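Engineer: Provided below are the primary sequence and the corresponding predicted coordinates.
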Amino acid sequence: MTALRNTGPLGLGDGYGRAAKIAALGMGIALFASACASGGDSGTESSPSEESSSSAASSVLSCPPSQGGTGEDPGAKGDPAAVPASTGTTDAPLKLGTLLPTTGALAFLGPPEIAGVDLAVQEINASGGVLGQPVEVVHRDSGDTTTDIATQSVTDLLGQDVSAVIGAASSGVSKTVINQITGAGVIQFSPANTSPDFTDWDDNGLYWRTAPSDVLQGRTLGNYIMECGAQTVGMIVLNDAYGTGLQSNIKSSVESAGGQVVSEAMFNEGDSQFSSQVDAVTGANPDAIVVISFDQAKSIAPLLTGKGVDPSQIFFVDGNTSDYSEDLEAGTLEGAQGTIPGPFASENFKNALLEVDPALKDWAYAGESYDAVTLLALAAEAAGSTDGKAMAAELQGVSQEGEKCFDYASCVTILRGGGDIDYDGYSGPVSFDENGDPTEAFIGIYQFDADNKPVPSRSEVGKL
């Protein structure tokens, strides 16, 4: 279960010290403290039992005003030149593989994730590497669930004796390879998997993630939609582990707050026509429509607005909250909103990522990818080994209950001096539980501007 609280404008320097202020866990999910008590009483929305052959009603929603939001660095970085020499050695340098999307429906997430990995590797090697050796990284494509690219890529990576595989981004893809990876004694560390199914997966303690379970994102979004005054909600849902996990948690929070989900239209990966799903949802005339998809949103959004849906009624999730300035007519999504787990990216972090990949226009899961690499490197140092099982045994320890540090240089300096560390990164506090899940996280809420670009609006923080 999660307890949620509105944090106001996000400042990571402040936010990471707020654990004591996070609302206590409870048996249910309450509405946010500022929820609009009168929302939905305008009389313009249809009863859930009514059917409408016309287009969706104009928006009856009144969401909280944007608070904006600029990310801040988690803390001061260390000096790579001042890092003491490693007290350990290894005959097998730390080699990492990535399984991130460069093709398929989630390919837009690949560039920021890959840039986050490469930036972390650069910084680690500038600090002298791990156990006296530079870190190596091998990039491979994950594709999506319509192909067998992921299995082929993992076979290749395991053949190169990687200690860990970073990815996949898609929960559905990870389900096809998790047993292959963890069964080989190799860590799988995803920066973007959010399916709740992985929490209890039989993975020999080798599956970890820096993205929070959709128990948090789904309930945050469901509560926020109700805070906007919705009484009824429709959903267009990708029928895979990612989509149905979010669907379940959004529905649970909407119904717990007294709302009703009046339509749930499913589609499958690889589908290219969505008229029937749009017709089904708009025919139910909901106050709000949630689109749970990947890049299929490029096709779904114009169909919705073409049916008369006001963009402010549309809510996206992390799989499709992206820059559509080159894909959709200007104004198509103006006022629509979406969620992405993780804090807003700081300007320093964006600039560092742009030095790695000047073409970047999205930042989603870059911080989670950077943190995955940094945590793996610190775990190897703590273990004195690049063996996957030995590293996994140290991941929880380097993430909590020690001296705070915020990058590889500062953290490894403490470790090599005999100290205990608590790494906080660009994705948040990153305190792992025994299942390899982060125990608390930020969920960013973004609002689309007239150019169809998501702009930070506000942030929620929750504890799992």
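Structural biologist: Sure thing, it's come through. Numbers count the residues shown, from 1 in each chain.

Engineer: spatially nearest residue to S62, not counting backbone neighbours?
Structural biologist: Distance criterion CB to CB, 6 or more residues apart in numbering; nearest residue to S62, sequence neighbours excluded, is G229 at 5.1 Å. Backbone N, C-alpha and C define where each C-beta goes, glycine included.

Engineer: next: I166.
Structural biologist: Of all residues not flanking I166 in the chain, T98 sits nearest, at 4.7 Å (CB to CB, 6+ apart).

Engineer: ok now the host helix or strand of the one you found, how far from the chain's centre?
Structural biologist: T98 belongs to strand 95-100 when elements are defined using DSSP states H and E. Relative to its chain's centre, strand 95-100 lies at 18 Å (CA atoms, centre = their mean, to the nearest Å).

Engineer: per-residue confidence at E440?
Structural biologist: Note on E440: pLDDT of 86.

Engineer: the nearest residue to it once chain neighbours are set aside and P212, how far apart?
Structural biologist: In space, and not counting its chain neighbours, E440 is closest to K463: 4.3 Å by CB to CB, 6+ apart. Distance of K463 to P212, computed by CB to CB, to the nearest Å: 10 Å.

Engineer: ok, now S385?
Structural biologist: For S385 relative to P212 (CB to CB), the value is 29 Å.

Engineer: and Y446, by the same measure?
Structural biologist: Going from Y446 to P212 by CB to CB gives 17 Å.

Engineer: again with Q231
Structural biologist: From Q231 across to P212, the span is 28 Å (CB to CB).

Engineer: between the two, which is the more surrounded one?
Structural biologist: With neighbours defined as other CB atoms under 10 Å, Q231 and P212 compare such that P212 has more, 26 against 23.

Engineer: spit out the contact partners of the more buried one.
Structural biologist: By CB atoms under 8 Å, 6 or more residues apart in numbering, P212 lies in contact with T194, P341, D437, P438, E440, A441, I443, G462, L464.

Engineer: go through these and name the one nearest V60.
Structural biologist: Each of the contacts of P212 was scored against V60 by CB to CB, and I443 proved nearest at 24.1 Å.

Engineer: so which helix or strand takes in that closest one?
Structural biologist: Element membership for I443, per DSSP H and E: strand 440-448.

Engineer: what lines up beside that strand in the sheet?
Structural biologist: Within its sheet, and counting by DSSP bridges, strand 440-448 is paired with strand 337-341 (antiparallel), strand 454-463 (antiparallel).

Engineer: could I get the full set of helices for the stretch 101-250 of the chain?
Structural biologist: 110-126, 149-159, 171-182, 214-227, 241-256 (DSSP state H, counting those that start in this stretch).

Engineer: return the most buried member of those.
Structural biologist: Compared across the helices of the stretch 101-250 of the chain, helix 214-227 shows the largest average neighbour count, a mean of 27 (mean count of other CB atoms under 10 Å).

Engineer: got the angle between it and strand 440-448?
Structural biologist: Per axes from the mean of the first three to the mean of the last three CA atoms, to 10 degrees, the angle that helix 214-227 makes with strand 440-448 is 50 degrees.
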